[in-house]
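> give me a model of this one.
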Amino acid sequence: MRLALPTALVLLCACQGPPAPDAALCRDVIQRLCLSPVCGVTQTQLQPGDSCDATLTARTGCGNDDFAFTTPTRDRFLECRLPLVRLSTSHLVPPGCDNVAEMFSSCPDVVRFFGGTP
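Predicted structure coming up:
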């Protein structure tokens, strides 16, 4: 039990800090969607072509560091991002294709934001 309190404090402190800028959050989701192998649902609904990262970044405008969410809102985008980080919070681990499909079916507004067809 003594070990649990210090561990909890470390985890609590690790979650503190300023929120990521909107541009970084958007690019994080793009990176997750475009990690190889790219899921079939991403290919079908977003049709990013061979340059997935570049295509989605250009469509959204989040390559600009001044990017700010409007529609969808930041909160909505964060809510929709949850399935993509379910397997791992590491940006190097691709999300499961079932998680991507869940995001796309639950968040048609985000699919449209990426220039896709829900």
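> so in the chain, which helix runs the longest?
Using DSSP state H to define each element, the chain has its longest helix at helix 22-34.
> please state the offset of that helix from the chain centre?
Offset of helix 22-34 from its chain centre (C-alpha atoms, centre = their mean, to the nearest Å): 5 Å.
> tell me which residue is most central in this protein.
By C-alpha atoms, centre = their mean, the chain has its centre lying nearest to V29, at 2.4 Å.
> low-confidence ranges in this structure?
Applying pLDDT under 70 to the chain flags the ranges 1-17.
> excluding sequence neighbours, find me the nearest residue to the residue nearest to the centre of the chain.
Spatially, and ignoring its direct neighbours in sequence, V29 is nearest to R81 (5.6 Å; C-beta to C-beta, 6 or more residues apart in numbering). No exception for glycine: its C-beta is placed from N, CA and C like everyone else's.
> same thing with N99?
Using C-beta to C-beta, 6+ apart, the closest residue to N99 is P83 (4.1 Å).
> what sits against the one you found?
95, 99-100, 102-103, 106 (C-beta atoms under 8 Å, 6 or more residues apart in numbering).
> and the closest residue to G61 other than its chain neighbours, backbone torsions?
Of all residues not flanking G61 in the chain, F67 sits nearest, at 5.6 Å (C-beta to C-beta, 6+ apart). Main-chain dihedrals, F67, degrees, to the nearest 10: phi -60, psi 140.
> so F67 makes contact with I30?
No: counting by C-beta atoms under 8 Å, F67 does not reach I30; the two are 11.5 Å apart.
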